[in-house]
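K.L.:
coordinates for the following, if possible.
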Amino acid sequence: MFNPVLDAMNGRHVVEQTIRTNTVASYCPAAREIGEAAGRSFTRDIHRSKSGEIVAEQWAVHGAGHARSGGSRRGSHTDASGPDASEEMMRFFIRSASA
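P.N.:
Reported below is the predicted structural model:
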């Protein structure tokens, strides 16, 4: 059974662990962005090091349940609404690799 509170808490724990184990020991508090894409609202917390490097992002797509945001309508467990999760992950990792 999907529990949105537990799921969000698990996400926060992953981000906190990433920040703690990142080579940049100190970081700034998260900047929060609230937006909408393809009919779903979202919240994105952006965690930066003191030097300004983005070390982690945490996304919450509101109303999507446990579905993959921005997925194909033909796929299972996907929701075509909202930001495209695959595109956002690629953006994050490509930027991180080139930094």
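
K.L.:
quick one: buried residues of the helix or strand that contains Glu88?
P.N.:
Glu88 is part of helix 85-98, with elements assigned from DSSP states H and E. For helix 85-98, burial by neighbour count (16 or more other CB atoms under 10 Å) applies to Ala85, Glu88. Backbone N, C-alpha and C define where each C-beta goes, glycine included.

K.L.:
for it, which outside residues touch it?
P.N.:
When contacts are defined by CB atoms under 8 Å, 6 or more residues apart in numbering, helix 85-98 is touched by residues Ile54, Glu57, Trp59, Val61, Arg68, Ser69, Gly70, Gly71.

K.L.:
quick one: contacts for the second one?
P.N.:
Spelled out, that is Glu57. With CB under 8 Å, 6+ apart, Glu57 has these contacts: Arg44, Asp45, Ile46, His47, Glu88, Phe92.

K.L.:
mind redoing it with 10 Å?
P.N.:
Val15, Thr18, Ala30, Glu33, Arg44, Asp45, Ile46, His47, Glu88, Met89, Arg91, Phe92 (CB atoms under 10 Å, 6 or more residues apart in numbering).
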